[in-house]
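Q: Sequence and predicted structure are below.
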Amino acid sequence: MVRKILLGYGIASSVLYVASDILISWWDPNYSYRDQSFSELLAPGSPTRPLVLVLLAIPYSVLVTAFGVGVWASASRRGAGRITGAMLVGYAVIGAVGG
C-alpha cells in the first residue's frame, strides 16, 4: 500500500509542475509561454523567483524523492528499476540543492 502511494507521488509531481507553471506565469504579466522558458521564472532577479521556490522547487523535490523511493521499492533486487529509483532521488536532490 505504501509503495503505491509513493508511486502516485510521481503523478502528483507532474501535476504540481504544470499547475505551478500556469499559476506563476499569471503572477508575472511579462512572461510569455511562446517566447520564454519556464526557467526564466527562476532566474536571479526575477520577481517570481521566491514564489517559484516556495510553490514548486521544495514540494516538487519532495514528491520526486518519494517517487524515486517507490520505484526503488517496486524493483526487483537487481535491475534497472533500482538504478532508475536511485537516479530519480539523485535528480531531486541535485535539483533542490543546485536549483
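A: Right, received. Where do you want to start? Numbering: from 1, shown residues only.
Q: Which parts of the chain are helices?
A: With DSSP state H as the criterion, the chain has helices at 2-27, 49-52, 58-74, 80-98.
Q: Show me which residues of the shortest one are buried.
A: Read it as helix 49-52. Neighbour-count burial for helix 49-52 flags Arg49, Leu51, Val52 (criterion: 16 or more other Cβ atoms under 10 Å). For glycine as for every other residue, the C-beta is placed from the backbone atoms N, C-alpha and C.
Q: rewinding a little: need the helices of the chain in JSON lines (columns: mean pLDDT and distance to Leu41).
A: Output for those, formatted as JSON lines (pLDDT from 0 to 100; distance: least, Cβ to Cβ, whole Å):
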{"stretch": "helix 2-27", "mean pLDDT": "88", "distance to Leu41": "5"}
{"stretch": "helix 49-52", "mean pLDDT": "82", "distance to Leu41": "5"}
{"stretch": "helix 58-74", "mean pLDDT": "93", "distance to Leu41": "13"}
{"stretch": "helix 80-98", "mean pLDDT": "90", "distance to Leu41": "15"}
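Q: just those: most buried one?
A: Mean neighbour count (mean count of other Cβ atoms under 10 Å) peaks for helix 58-74 among the helices of the chain, with a mean of 19.
Q: what angle sits between that one and helix 80-98?
A: 160 degrees (axes from the mean of the first three to the mean of the last three Cα atoms, to 10 degrees).
Q: tell me the angle helix 58-74 makes with helix 2-27.
A: Helix 58-74 runs at 160 degrees relative to helix 2-27, counting by the same axes, to 10 degrees.
Q: now what about helix 58-74, what contacts it?
A: 3-10, 12-13, 16-17, 20, 81-82, 84-93, 95-96 (Cβ atoms under 8 Å, 6 or more residues apart in numbering).
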